[in-house]
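[1] all I have is the shape, not the residue letters:
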């Protein structure tokens, strides 16, 4: 049996019935007041006043409670206006976006955020804090508020400082289907800006470093073609100088290419096991004839093999060569270079062995190893007995093209890229680089890096 549709209520009938009921109630009350007045229980003045108040109150109630005689029809929602998405749908939308994304509600609170945004701003999944307290970027907060007020999308760039400066481009727009909400999508520009800066630095530094040998070569060529055209006796001297300048350019270009290659792959960790002791021992054997030309002894204290680490063999060879070459370069004739390497139970212990041997020395950590409480540490230390390095130079070690000998006015030359290469190699290997110096007595450079946990202790 089907239900009959509800009967529509006639507003006029409902009003008449209510007027009859209210009137009957009021008349009963008035009759009571009149009887009380006739019996002498209530004075006529009080009775008439009560009747007037009762009539006024009854009319006010009737007028205020009467339903309107008609109702404004409610139009159905337009097909062009979509309903606001549920919270789950909002989160699903943000999760689908590959960039850090936030939904800012009408009260300025973070209603939803995807995982990349939670990582950037350290937002908990159950946290609905004010955006101003989490983002803490005045320019971005102003852009969000402006979009909330005007509904006009916009974008801006800002920098976040921390362990390393990050550059972001924020896209702010009204949230789809939510007229009072704002969608914030962040685009990371850090790598692009770093690449731009690296290119600019490379061009500036390379052009500066190449200008000197090129000017020297051009000068000697012009001299040999002009005033010294017939001065054959000095040609050999000119040619020797020109060869030295050509070799300097060759080394500079080789180091620049090597540094560029290492930086390009710096974000890719190594994936092969290499024996650091075996590599170090091989580099020492290769450089001993070079040191012997100046009567410099290279002493080695460490195993010949058995120090395994996940590493790139060619890059570790370059690290050992650069450290040993610098030690030979800055040692006095007849001096002694001490090389040591080993394995410790932790990275912190390896760091102490690599660069914390001299209590009274000046010390600078050029790059720190990433923390890993479970990994053992492999370390390498190269010590020379040269002039040492003054304290004011330590912070600049590892910078491209910086040479301590230039500031001293010495004759030792180099590209100034050796330690920069070591620094970037150790960054790729999640390792560290430290220097100790005792001016007038010598200096020590040490590296340390995570070792292979399966290696024997």
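    Nice, thanks for sending it over. What you are looking at is a predicted structure, and each value in this text was computed from that prediction instead of being measured.
[2] nearest residue to residue 328 other than its sequence neighbours?
    Spatial nearest neighbour of residue 328, chain neighbours left out: residue 291 (5.0 Å); criterion: Cβ to Cβ, 6 or more residues apart in numbering. Every residue, glycine included, has its C-beta placed from N, CA and C.
[3] give me every residue that touches the one you found.
    297, 298, 328, 331, 337 (Cβ atoms under 8 Å, 6 or more residues apart in numbering).
[4] surely the third one is within a helix?
    Yes. Secondary structure assignment places residue 328 in a helix (DSSP: H, G, I helix; E, B strand; the rest coil).
[5] show me where this structure has helices.
    For the chain, the helices defined by DSSP state H cover 11-39, 44-65, 87-96, 115-121, 131-135, 138-150, 190-225, 235-264, 276-292, 313-330, 347-355, 404-408, 418-428.
[6] now do the fourth one: which elements does it pack against?
    It refers to helix 115-121. Helices and strands touching helix 115-121, by 3 or more Cβ pairs under 8 Å, 6 or more residues apart in numbering; DSSP states H and E, are strand 101-104, strand 182-188.
[7] make JSON lines out of those strands and add distance to residue 349.
    Converted to JSON lines, the helices and strands packed on helix 115-121 look like this (distance: least, Cβ to Cβ, whole Å):
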{"stretch": "strand 101-104", "distance to residue 349": "43"}
{"stretch": "strand 182-188", "distance to residue 349": "36"}
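[8] so which of these gets nearest residue 436?
    Nearest to residue 436, of all these, is strand 182-188, at 37.6 Å by Cβ to Cβ.
[9] show me what the closest one is packed up against.
    Using 3+ Cβ pairs under 8 Å, 6+ apart, strand 182-188 sits against strand 101-104, helix 115-121, helix 138-150, strand 166-174.
[10] can we see that at 6 Å?
    strand 101-104, helix 138-150, strand 166-174 (3 or more Cβ pairs under 6 Å, 6 or more residues apart in numbering; DSSP states H and E).
[11] which parts of that strand are buried?
    Going by neighbour count (16 or more other Cβ atoms under 10 Å), the buried part of strand 182-188 is 182, 183, 184, 185, 186.
[12] likewise for stretch 345-364?
    Residues 347, 349-356, 358, 361-364 are the ones in stretch 345-364 that count as buried (16+ other Cβ under 10 Å).
[13] with stretch 314-325 instead?
    315, 316, 317, 318, 319, 320, 321, 322, 323, 324, 325.
[14] how far off centre is it?
    On the basis of Cα atoms, centre = their mean, to the nearest Å, stretch 314-325 sits 30 Å off its chain's mean C-alpha point.
[15] what's the mean pLDDT across that stretch?
    Stretch 314-325 shows a mean pLDDT of 91.
[16] circling back: in CSV: the buried residues of stretch 314-325, plus distance to residue 283.
    Formatted as CSV, the buried residues of stretch 314-325 follow (distance: Cβ to Cβ, whole Å):
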residue, distance to residue 283
315, 12
316, 9
317, 6
318, 9
319, 9
320, 4
321, 5
322, 10
323, 9
324, 6
325, 9
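[17] closest to residue 218 out of those residues?
    Closest to residue 218, out of all of these and judged by Cβ to Cβ, is residue 325, at 29.2 Å.
[18] contacting residues for the closest one?
    Neighbour list for residue 325: empty [criterion: Cβ atoms under 6 Å, 6 or more residues apart in numbering].
[19] quick revisit: ranking the helices and strands packed on strand 182-188 by burial, who's on top?
    Highest mean neighbour count among those (mean count of other Cβ atoms under 10 Å): strand 101-104, with a mean of 24.
[20] how deep is residue 230 tucked in, by neighbour count?
    By the criterion of other Cβ atoms under 10 Å, residue 230 has 7 neighbours.
[21] tell me the spacing between residue 172 and residue 101.
    11 Å (Cβ to Cβ, to the nearest Å).
[22] over to residue 131?
    Computed as Cβ to Cβ, the residue 131 to residue 101 distance reads 13 Å.
[23] residue 206 too?
    The gap separating residue 206 from residue 101 is 40 Å, by Cβ to Cβ.
[24] domain map for the protein?
    11-65, 87-188, 192-260, 268-450 (automatic domain parsing).
[25] point out the most buried one among the ones you listed.
    domain 268-450 (a mean of 19).
[26] roughly how far is that one from the heart of the chain?
    With Cα atoms, centre = their mean, you get 29 Å for domain 268-450.
[27] ok, stretch 248-265 next?
    So, by Cα atoms, centre = their mean, the centroid of stretch 248-265 is 27 Å from its chain's centroid.
[28] sorry, back to before: looking at the buried residues of strand 182-188, spot the one nearest residue 271.
    Closest to residue 271, out of all of the buried residues of strand 182-188 and judged by Cβ to Cβ, is residue 186, at 31.2 Å.
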